[in-house]
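**Student:** missing the sequence, but the structure's below:
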Ligand SMILES: O=C([C@H](O)CO)[C@H](O)[C@H](O)COP(=O)(O)O
(Lines give C-alpha, C1' and ligand atoms only; values in the text may rest on other atoms or scores of the structure.)
Protein backbone atom coordinates (compact mmCIF):
# COMPACT_ATOMS: atom_id res chain seq x y z
CA UNK A 1 0.00 0.00 0.00
CA UNK A 2 1.33 3.46 -0.92
CA UNK A 3 2.05 5.84 1.94
CA UNK A 4 -1.07 7.92 2.57
CA UNK A 5 -0.90 11.67 2.15
CA UNK A 6 -1.50 13.85 5.20
CA UNK A 7 -3.06 17.22 4.43
CA UNK A 8 -3.22 19.81 7.20
CA UNK A 9 -6.21 22.16 6.83
CA UNK A 10 -5.34 25.71 7.91
CA UNK A 11 -8.82 26.84 8.89
CA UNK A 12 -7.60 30.07 10.44
CA UNK A 13 -8.20 33.77 9.87
CA UNK A 14 -4.69 35.15 10.24
CA UNK A 15 -1.92 34.44 7.74
CA UNK A 16 1.01 34.89 10.15
CA UNK A 17 -0.45 32.37 12.55
CA UNK A 18 -1.24 30.05 9.63
CA UNK A 19 2.39 30.13 8.44
CA UNK A 20 3.66 29.38 11.94
CA UNK A 21 1.24 26.51 12.42
CA UNK A 22 1.97 25.13 8.94
CA UNK A 23 5.71 25.06 9.75
CA UNK A 24 5.04 23.09 12.92
CA UNK A 25 2.71 20.70 11.08
CA UNK A 26 5.26 20.07 8.32
CA UNK A 27 7.83 19.31 11.00
CA UNK A 28 5.42 16.73 12.41
CA UNK A 29 4.99 15.04 9.01
CA UNK A 30 2.24 16.88 7.10
CA UNK A 31 2.65 16.51 3.32
CA UNK A 32 0.12 18.88 1.81
CA UNK A 33 -0.83 22.29 3.18
CA UNK A 34 -4.43 23.32 2.70
CA UNK A 35 -5.21 27.01 2.60
CA UNK A 36 -8.55 26.62 4.39
CA UNK A 37 -11.70 28.33 3.20
CA UNK A 38 -11.81 30.73 6.21
CA UNK A 39 -8.19 31.73 5.51
CA UNK A 40 -8.92 32.34 1.84
CA UNK A 41 -11.96 34.44 2.76
CA UNK A 42 -9.96 36.41 5.30
CA UNK A 43 -6.71 36.90 3.38
CA UNK A 44 -7.52 36.08 -0.24
CA UNK A 45 -5.00 34.75 -2.75
CA UNK A 46 -2.22 36.40 -0.72
CA UNK A 47 -2.52 33.40 1.60
CA UNK A 48 -1.97 30.95 -1.26
CA UNK A 49 1.00 32.95 -2.59
CA UNK A 50 2.63 33.27 0.83
CA UNK A 51 2.27 29.61 1.71
CA UNK A 52 3.60 28.64 -1.76
CA UNK A 53 6.69 30.77 -1.17
CA UNK A 54 7.27 29.65 2.41
CA UNK A 55 6.80 25.92 1.71
CA UNK A 56 8.37 25.20 -1.68
CA UNK A 57 8.54 21.44 -1.00
CA UNK A 58 4.91 20.92 -0.02
CA UNK A 59 1.85 20.75 -2.21
CA UNK A 60 -0.47 23.71 -1.64
CA UNK A 61 -4.20 22.96 -1.72
CA UNK A 62 -6.55 25.91 -2.15
CA UNK A 63 -9.89 25.06 -0.52
CA UNK A 64 -11.85 27.46 -2.73
CA UNK A 65 -15.10 25.46 -2.42
CA UNK A 66 -15.93 26.67 -5.92
CA UNK A 67 -19.68 26.96 -6.61
CA UNK A 68 -19.63 29.06 -9.77
CA UNK A 69 -17.24 30.60 -12.33
CA UNK A 70 -15.19 27.40 -12.29
CA UNK A 71 -12.56 28.53 -14.76
CA UNK A 72 -11.65 31.87 -13.23
CA UNK A 73 -11.46 30.60 -9.64
CA UNK A 74 -9.20 27.71 -10.65
CA UNK A 75 -7.06 30.17 -12.61
CA UNK A 76 -6.71 32.51 -9.60
CA UNK A 77 -5.63 29.71 -7.30
CA UNK A 78 -3.32 28.13 -9.88
CA UNK A 79 -1.59 31.42 -10.68
CA UNK A 80 -1.14 32.05 -6.95
CA UNK A 81 0.71 28.77 -6.56
CA UNK A 82 -1.86 26.11 -5.62
CA UNK A 83 -1.25 22.66 -7.06
CA UNK A 84 -4.70 21.38 -6.10
CA UNK A 85 -7.94 23.37 -6.11
CA UNK A 86 -11.15 22.34 -4.31
CA UNK A 87 -14.57 22.61 -5.93
CA UNK A 88 -17.97 21.74 -4.52
CA UNK A 89 -19.18 18.44 -5.96
CA UNK A 90 -22.66 19.96 -5.65
CA UNK A 91 -21.79 22.64 -8.22
CA UNK A 92 -23.52 22.37 -11.57
CA UNK A 93 -21.89 20.13 -14.20
CA UNK A 94 -21.23 23.26 -16.27
CA UNK A 95 -19.14 24.71 -13.42
CA UNK A 96 -17.23 21.47 -12.96
CA UNK A 97 -16.54 21.08 -16.67
CA UNK A 98 -15.17 24.63 -16.88
CA UNK A 99 -13.06 24.09 -13.76
CA UNK A 100 -11.62 20.88 -15.26
CA UNK A 101 -10.73 22.71 -18.51
CA UNK A 102 -9.06 25.50 -16.54
CA UNK A 103 -7.21 23.01 -14.32
CA UNK A 104 -5.83 21.23 -17.39
CA UNK A 105 -4.81 24.56 -18.93
CA UNK A 106 -2.91 25.70 -15.82
CA UNK A 107 -1.50 22.30 -14.87
CA UNK A 108 -3.27 21.86 -11.54
CA UNK A 109 -5.53 19.13 -10.12
CA UNK A 110 -9.10 19.36 -8.89
CA UNK A 111 -10.55 17.93 -5.69
CA UNK A 112 -14.35 17.64 -5.51
CA UNK A 113 -15.81 18.16 -2.05
CA UNK A 114 -18.88 16.02 -1.29
CA UNK A 115 -20.03 18.25 1.59
CA UNK A 116 -23.84 18.20 1.79
CA UNK A 117 -24.34 16.16 -1.40
CA UNK A 118 -27.59 14.19 -1.12
CA UNK A 119 -26.45 11.11 -3.09
CA UNK A 120 -22.68 11.12 -2.54
CA UNK A 121 -21.89 7.87 -4.38
CA UNK A 122 -23.78 8.81 -7.53
CA UNK A 123 -22.32 12.33 -7.53
CA UNK A 124 -18.79 11.09 -6.83
CA UNK A 125 -19.03 8.83 -9.90
CA UNK A 126 -20.38 11.69 -12.01
CA UNK A 127 -17.71 14.22 -11.07
CA UNK A 128 -14.99 11.60 -11.52
CA UNK A 129 -16.43 11.06 -14.98
CA UNK A 130 -16.27 14.82 -15.61
CA UNK A 131 -12.51 14.69 -14.99
CA UNK A 132 -12.08 15.65 -11.35
CA UNK A 133 -8.84 14.20 -9.93
CA UNK A 134 -9.77 13.49 -6.30
CA UNK A 135 -13.00 12.92 -4.41
CA UNK A 136 -13.21 14.30 -0.89
CA UNK A 137 -15.53 12.41 1.48
CA UNK A 138 -16.07 15.50 3.59
CA UNK A 139 -18.42 16.12 6.47
CA UNK A 140 -18.31 19.83 7.31
CA UNK A 141 -17.62 21.28 10.71
CA UNK A 142 -21.21 22.30 11.48
CA UNK A 143 -22.41 18.87 10.33
CA UNK A 144 -19.90 17.15 12.63
CA UNK A 145 -21.36 19.09 15.54
CA UNK A 146 -24.73 17.43 15.03
CA UNK A 147 -23.20 13.96 14.85
CA UNK A 148 -22.49 13.30 11.15
CA UNK A 149 -19.44 11.15 10.50
CA UNK A 150 -16.92 11.40 7.67
CA UNK A 151 -16.00 7.74 8.20
CA UNK A 152 -19.60 6.71 7.47
CA UNK A 153 -19.47 8.72 4.25
CA UNK A 154 -16.10 7.24 3.31
CA UNK A 155 -17.40 3.69 3.76
CA UNK A 156 -20.09 4.38 1.15
CA UNK A 157 -17.48 5.37 -1.44
CA UNK A 158 -14.36 3.25 -1.16
CA UNK A 159 -13.97 0.71 -3.91
CA UNK A 160 -16.95 2.23 -5.74
CA UNK A 161 -15.42 5.30 -7.40
CA UNK A 162 -12.75 5.51 -10.06
CA UNK A 163 -10.63 8.22 -8.39
CA UNK A 164 -8.43 8.52 -5.31
CA UNK A 165 -10.47 9.26 -2.19
CA UNK A 166 -9.63 11.91 0.35
CA UNK A 167 -11.44 12.11 3.67
CA UNK A 168 -12.07 15.12 5.92
CA UNK A 169 -14.22 16.04 8.84
CA UNK A 170 -13.25 15.98 12.49
CA UNK A 171 -10.54 13.35 12.09
CA UNK A 172 -8.04 12.60 14.84
CA UNK A 173 -5.28 9.99 15.01
CA UNK A 174 -7.73 7.16 15.68
CA UNK A 175 -10.28 7.97 13.00
CA UNK A 176 -7.57 8.95 10.48
CA UNK A 177 -6.03 5.52 10.92
CA UNK A 178 -9.41 3.85 10.43
CA UNK A 179 -9.98 5.99 7.32
CA UNK A 180 -6.77 4.74 5.70
CA UNK A 181 -7.62 1.17 6.64
CA UNK A 182 -10.97 1.73 4.91
CA UNK A 183 -9.30 2.89 1.69
CA UNK A 184 -8.67 6.65 1.89
CA UNK A 185 -5.39 7.72 0.31
CA UNK A 186 -5.48 11.37 1.43
CA UNK A 187 -6.29 12.24 5.03
CA UNK A 188 -7.26 15.84 5.78
CA UNK A 189 -7.04 17.05 9.38
CA UNK A 190 -7.86 20.55 10.61
CA UNK A 191 -9.02 21.21 14.14
CA UNK A 192 -7.25 18.30 15.83
CA UNK A 193 -3.90 19.54 14.54
CA UNK A 194 -4.13 23.31 14.20
CA UNK A 195 -5.76 23.92 17.59
CA UNK A 196 -3.26 21.81 19.52
CA UNK A 197 -0.81 23.59 21.79
CA UNK A 198 1.90 21.33 20.33
CA UNK A 199 1.04 21.18 16.62
CA UNK A 200 4.13 19.15 15.74
CA UNK A 201 3.31 16.44 18.26
CA UNK A 202 -0.36 16.37 17.21
CA UNK A 203 0.64 16.01 13.54
CA UNK A 204 3.14 13.29 14.40
CA UNK A 205 0.42 11.31 16.16
CA UNK A 206 -1.76 11.42 13.04
CA UNK A 207 1.23 10.65 10.79
CA UNK A 208 2.13 7.55 12.78
CA UNK A 209 -1.49 6.44 12.93
CA UNK A 210 -2.03 6.67 9.17
CA UNK A 211 1.31 5.04 8.37
CA UNK A 212 0.21 2.04 10.45
CA UNK A 213 -3.51 1.95 9.80
CA UNK A 214 -5.82 -0.26 11.73
CA UNK A 215 -9.54 -0.58 12.19
CA UNK A 216 -10.26 -0.14 15.87
CA UNK A 217 -13.60 -1.27 17.20
CA UNK A 218 -15.71 1.82 17.83
CA UNK A 219 -16.56 2.44 21.44
CA UNK A 220 -20.23 1.88 22.18
CA UNK A 221 -21.37 4.75 24.40
CA UNK A 222 -24.93 5.79 25.08
CA UNK A 223 -25.87 9.28 23.81
CA UNK A 224 -26.08 10.53 27.42
CA UNK A 225 -22.65 9.12 28.24
CA UNK A 226 -21.18 10.95 25.22
CA UNK A 227 -22.83 14.22 26.27
CA UNK A 228 -21.61 13.83 29.84
CA UNK A 229 -18.06 13.08 28.66
CA UNK A 230 -18.07 16.21 26.48
CA UNK A 231 -19.45 18.51 29.18
CA UNK A 232 -17.12 17.10 31.83
CA UNK A 233 -14.16 18.05 29.64
CA UNK A 234 -15.13 21.72 29.25
CA UNK A 235 -15.85 24.73 31.46
CA UNK A 236 -19.10 26.67 31.93
CA UNK A 237 -17.54 29.62 30.01
CA UNK A 238 -16.67 27.24 27.11
CA UNK A 239 -20.33 26.18 27.03
CA UNK A 240 -21.82 29.68 26.98
CA UNK A 241 -19.28 30.68 24.29
CA UNK A 242 -20.51 27.72 22.25
CA UNK A 243 -24.08 28.98 22.71
CA UNK A 244 -23.29 32.44 21.35
CA UNK A 245 -23.21 33.92 24.90
CA UNK A 246 -26.56 32.42 25.91
CA UNK A 247 -27.57 30.04 28.71
CA UNK A 248 -25.77 31.60 31.69
CA UNK A 249 -27.74 32.00 34.94
CA UNK A 250 -27.38 35.44 36.53
CA UNK A 251 -26.21 36.12 40.07
CA UNK A 252 -25.45 32.56 41.18
CA UNK A 253 -22.17 31.32 42.63
CA UNK A 254 -20.56 28.15 43.90
CA UNK A 255 -20.96 27.81 47.66
CA UNK A 256 -18.09 25.32 47.86
CA UNK A 257 -15.52 27.10 45.70
CA UNK A 258 -13.71 24.83 43.27
CA UNK A 259 -16.33 22.19 42.47
CA UNK A 260 -18.15 21.28 39.27
CA UNK A 261 -21.57 19.85 38.53
CA UNK A 262 -22.57 18.33 35.20
CA UNK A 263 -25.80 16.49 34.53
CA UNK A 264 -29.39 16.56 33.32
CA UNK A 265 -31.73 18.72 35.37
CA UNK A 266 -34.43 17.53 37.72
CA UNK A 267 -36.42 20.70 38.26
CA UNK A 268 -38.16 21.80 41.43
CA UNK A 269 -40.40 24.79 42.03
CA UNK A 270 -40.98 25.71 45.63
CA UNK A 271 -42.24 28.78 47.49
CA UNK A 272 -41.18 30.64 50.61
CA UNK A 273 -38.38 28.25 51.47
CA UNK A 274 -40.76 25.24 51.67
CA UNK A 275 -38.21 22.40 51.62
CA UNK A 276 -40.59 19.47 51.05
CA UNK A 277 -40.42 19.31 47.23
CA UNK A 278 -36.64 19.93 47.02
CA UNK A 279 -36.05 17.05 49.43
CA UNK A 280 -38.63 14.74 47.78
CA UNK A 281 -36.86 15.41 44.47
CA UNK A 282 -33.68 13.82 45.83
CA UNK A 283 -35.48 10.46 45.79
CA UNK A 284 -36.78 11.00 42.27
CA UNK A 285 -33.44 12.06 40.79
CA UNK A 286 -31.02 9.49 39.35
CA UNK A 287 -27.31 9.39 40.12
CA UNK A 288 -25.60 12.06 38.02
CA UNK A 289 -28.63 14.37 37.87
CA UNK A 290 -28.52 18.00 38.98
CA UNK A 291 -31.38 19.34 41.12
CA UNK A 292 -32.37 22.79 39.91
CA UNK A 293 -34.57 24.56 42.42
CA UNK A 294 -36.49 27.78 42.02
CA UNK A 295 -37.46 29.43 45.30
CA UNK A 296 -39.03 32.33 43.42
CA UNK A 297 -35.74 34.17 43.80
CA UNK A 298 -36.28 34.69 47.55
CA UNK A 299 -33.02 35.20 49.33
CA UNK A 300 -34.40 35.56 52.87
CA UNK A 301 -35.37 31.93 53.52
CA UNK A 302 -33.54 28.68 52.66
CA UNK A 303 -35.17 25.64 51.03
CA UNK A 304 -31.86 23.72 51.27
CA UNK A 305 -29.24 22.89 53.89
CA UNK A 306 -26.74 20.36 55.19
CA UNK A 307 -29.04 17.35 55.76
CA UNK A 308 -30.50 17.63 52.27
CA UNK A 309 -26.98 17.90 50.88
CA UNK A 310 -25.94 14.80 52.79
CA UNK A 311 -28.89 12.92 51.35
CA UNK A 312 -28.18 14.14 47.80
CA UNK A 313 -24.55 13.12 48.13
CA UNK A 314 -25.57 9.62 49.26
CA UNK A 315 -27.83 9.34 46.22
CA UNK A 316 -24.82 10.37 44.05
CA UNK A 317 -26.49 13.42 42.56
CA UNK A 318 -24.11 15.61 40.57
CA UNK A 319 -25.04 18.89 42.27
CA UNK A 320 -27.66 21.39 43.40
CA UNK A 321 -28.54 24.71 41.79
CA UNK A 322 -30.84 27.06 43.72
CA UNK A 323 -32.38 30.32 42.65
CA UNK A 324 -32.55 31.32 46.27
CA UNK A 325 -30.69 30.88 49.51
CA UNK A 326 -28.92 27.96 51.17
CA UNK A 327 -27.90 27.42 54.81
CA UNK A 328 -25.42 25.27 56.80
CA UNK A 329 -22.75 26.52 54.46
CA UNK A 330 -19.84 25.43 56.67
CA UNK A 331 -21.06 21.81 56.76
CA UNK A 332 -21.76 21.78 53.03
CA UNK A 333 -18.26 23.10 52.34
CA UNK A 334 -16.82 20.34 54.49
CA UNK A 335 -18.69 17.79 52.37
CA UNK A 336 -17.26 19.41 49.21
CA UNK A 337 -20.56 18.78 47.45
CA UNK A 338 -21.36 21.11 44.52
CA UNK A 339 -24.06 23.54 45.64
CA UNK A 340 -24.72 26.73 43.70
CA UNK A 341 -26.99 29.42 45.15
CA UNK A 342 -27.73 33.12 44.99
CA UNK A 343 -27.50 33.77 48.75
CA UNK A 344 -26.90 32.27 52.16
CA UNK A 345 -29.28 32.72 55.08
CA UNK A 346 -29.68 30.61 58.25
CA UNK A 347 -33.47 30.30 58.47
CA UNK A 348 -35.46 27.57 56.72
CA UNK A 349 -39.08 27.38 55.60
CA UNK A 350 -41.77 24.85 56.55
CA UNK A 351 -42.15 21.49 54.70
CA UNK A 352 -45.71 22.18 53.48
CA UNK A 353 -45.45 20.32 50.17
CA UNK A 354 -46.12 23.38 48.06
CA UNK A 355 -44.60 23.49 44.57
CA UNK A 356 -43.88 20.97 41.80
CA UNK A 357 -41.21 18.56 40.63
CA UNK A 358 -40.10 18.20 37.00
CA UNK A 359 -41.99 21.05 35.44
CA UNK A 360 -40.56 23.93 33.44
CA UNK A 361 -39.09 26.56 35.79
CA UNK A 362 -37.31 29.87 35.61
CA UNK A 363 -34.00 29.80 37.46
CA UNK A 364 -31.79 32.90 37.72
CA UNK A 365 -33.26 34.26 34.50
CA UNK A 366 -32.98 31.02 32.50
CA UNK A 367 -35.75 28.64 31.53
CA UNK A 368 -34.93 25.10 32.69
CA UNK A 369 -36.88 22.02 31.63
CA UNK A 370 -36.45 18.52 33.06
CA UNK A 371 -33.59 16.87 31.18
CA UNK A 372 -31.92 20.10 30.07
CA UNK A 373 -28.18 19.85 30.75
CA UNK A 374 -26.51 21.85 33.50
CA UNK A 375 -22.81 22.70 33.46
CA UNK A 376 -21.71 24.53 36.62
CA UNK A 377 -18.32 25.52 37.92
CA UNK A 378 -16.71 28.39 39.79
CA UNK A 379 -17.59 30.82 36.99
CA UNK A 380 -21.29 30.07 37.31
CA UNK A 381 -24.09 27.91 35.92
CA UNK A 382 -25.11 27.35 32.29
CA UNK A 383 -28.22 25.55 31.06
CA UNK A 384 -28.22 23.79 27.69
CA UNK A 385 -31.51 22.80 26.01
CA UNK A 386 -31.63 19.00 25.99
CA UNK A 387 -32.22 18.74 22.22
CA UNK A 388 -28.98 20.64 21.53
CA UNK A 389 -26.88 19.03 24.25
CA UNK A 390 -24.69 16.90 21.96
CA UNK A 391 -24.14 19.73 19.52
CA UNK A 392 -23.28 22.25 22.25
CA UNK A 393 -20.95 19.71 23.91
CA UNK A 394 -19.08 19.29 20.60
CA UNK A 395 -18.93 23.03 20.00
CA UNK A 396 -17.74 23.69 23.56
CA UNK A 397 -14.93 21.19 22.96
CA UNK A 398 -13.92 23.17 19.87
CA UNK A 399 -13.91 26.36 21.98
CA UNK A 400 -11.66 24.62 24.48
CA UNK A 401 -9.30 23.43 21.73
CA UNK A 402 -9.10 26.90 20.18
CA UNK A 403 -8.19 28.34 23.57
CA UNK A 404 -5.44 25.73 24.00
CA UNK A 405 -3.59 27.05 20.97
CA UNK A 406 -4.21 30.70 21.91
CA UNK A 407 -2.88 30.03 25.42
CA UNK A 408 0.25 28.51 23.90
CA UNK A 409 0.80 31.52 21.62
CA UNK A 410 0.41 33.87 24.61
CA UNK A 411 2.93 31.71 26.49
CA UNK A 412 5.34 32.27 23.59
CA UNK A 413 5.06 36.03 24.07
CA UNK A 414 2.19 37.32 21.93
CA UNK A 415 -0.55 39.40 23.52
CA UNK A 416 -4.16 38.24 23.43
CA UNK A 417 -4.97 41.26 21.28
CA UNK A 418 -2.35 40.20 18.74
CA UNK A 419 -3.41 36.57 18.65
CA UNK A 420 -7.06 37.53 18.22
CA UNK A 421 -6.25 40.38 15.81
CA UNK A 422 -8.70 42.55 17.75
CA UNK A 423 -8.14 45.72 15.76
CA UNK A 424 -8.67 43.96 12.43
CA UNK A 425 -11.87 42.27 13.55
CA UNK A 426 -13.55 45.07 15.49
CA UNK A 427 -17.04 45.51 14.10
CA UNK A 428 -17.18 48.35 11.58
CA UNK A 429 -20.17 50.66 11.92
O1 LIG B 1 -13.02 22.05 4.77
C2 LIG B 1 -13.13 22.22 5.93
C3 LIG B 1 -14.27 22.99 6.50
O4 LIG B 1 -15.30 23.03 5.58
C5 LIG B 1 -13.88 24.43 6.82
O6 LIG B 1 -13.42 25.09 5.73
C7 LIG B 1 -12.09 21.68 6.87
O8 LIG B 1 -10.86 22.02 6.37
C9 LIG B 1 -12.17 20.18 7.02
O10 LIG B 1 -13.42 19.87 7.57
C11 LIG B 1 -11.06 19.63 7.90
O12 LIG B 1 -11.11 20.24 9.17
P13 LIG B 1 -11.58 19.44 10.49
O14 LIG B 1 -12.96 18.96 10.24
O15 LIG B 1 -11.51 20.48 11.57
O16 LIG B 1 -10.60 18.34 10.70
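**Tutor:** Perfect, thanks for sending it. Since this is a predicted model, take the numbers as computed values, not measurements.

**Student:** Might one say that residue 131 is in contact with residue 98?
**Tutor:** No. Using C-beta atoms under 8 Å, residue 131 is not in contact with residue 98; the gap is 10.9 Å. Where you see a C-beta, it was placed from the backbone N, CA and C, and this is true even at glycine.

**Student:** Now do the same for stretch 282-302: mean pLDDT, whole number.
**Tutor:** For stretch 282-302, mean pLDDT rounds to 95.

**Student:** Of residue 131 and residue 98, which one has the most company?
**Tutor:** A count of neighbours by other C-beta atoms under 10 Å puts residue 98 above the other of residue 131 and residue 98, at 21 against 15.

**Student:** Which residues of the chain lie near the ligand?
**Tutor:** Counting by C-beta under 6 Å from any ligand atom, the residues of the chain close to the ligand are 9, 11, 36-38, 63, 138, 140-141, 168-171, 188-192.

**Student:** mind listing the helices for the stretch 301-429 of the chain?
**Tutor:** With DSSP state H, counting those that start in this stretch, the ranges of helices along the stretch 301-429 of the chain come out as 306-314, 329-335, 389-411, 416-420, 422-425.

**Student:** which regions of the stretch 301-429 of the chain sit below the pLDDT cut-off?
**Tutor:** Residues of the stretch 301-429 of the chain meeting the criterion pLDDT under 70: none.

**Student:** Looking from the ligand, tell me which residue of it is nearest.
**Tutor:** Of all residues in the stretch 301-429 of the chain, residue 398 sits closest to the ligand, at 8.3 Å by C-beta to the nearest ligand atom.

**Student:** since we're on that residue, how many residues are nearby?
**Tutor:** Using other C-beta under 10 Å, residue 398 is surrounded by 19 other residues.

**Student:** show me the contacts for it.
**Tutor:** By C-beta atoms under 8 Å, 6 or more residues apart in numbering, residue 398 lies in contact with 141, 145, 191, 195, 242.

**Student:** hang on, the second one packs against residue 391?
**Tutor:** What it means is residue 145. Yes. Here residue 145 lies in contact with residue 391, judged by C-beta under 8 Å, at a distance of 4.9 Å.

**Student:** Could you check the pLDDT of the closest residue to the ligand within the stretch 201-350 of the chain?
**Tutor:** Distances between the stretch 201-350 of the chain and the ligand by C-beta to the nearest ligand atom are smallest at residue 206, namely 10.1 Å. If you check residue 206, the pLDDT there is 98.

**Student:** Residue 213 now?
**Tutor:** 89.

**Student:** For it, list the residues it contacts.
**Tutor:** Counting by C-beta under 8 Å, 6+ apart, residue 213 has contacts 4, 177, 178, 179, 180, 181.

**Student:** Most neighbours among those residues, which one?
**Tutor:** When neighbours are taken as other C-beta under 10 Å, the top entry among those is residue 179 (32 neighbours).

**Student:** ok, and the closest non-adjacent residue to that one?
**Tutor:** residue 167 (4.5 Å; C-beta to C-beta, 6 or more residues apart in numbering).

**Student:** just residue 276 next, same as before
**Tutor:** The shortest distance from residue 276 to any non-neighbouring residue, by C-beta to C-beta, 6+ apart, is to residue 351 (3.9 Å).

**Student:** one step back: tell me the predicted confidence for the residue nearest to residue 179.
**Tutor:** We have a pLDDT of 98 for residue 167.

**Student:** Hmm, it is touching residue 138, no?
**Tutor:** Yes. Contact criterion C-beta under 8 Å: residue 167 and residue 138 qualify, at 7.5 Å.

**Student:** pretty sure residue 291 is in contact with residue 268, am I right?
**Tutor:** Yes. Residue 291 lies in contact with residue 268 (C-beta under 8 Å); the separation is 6.2 Å.
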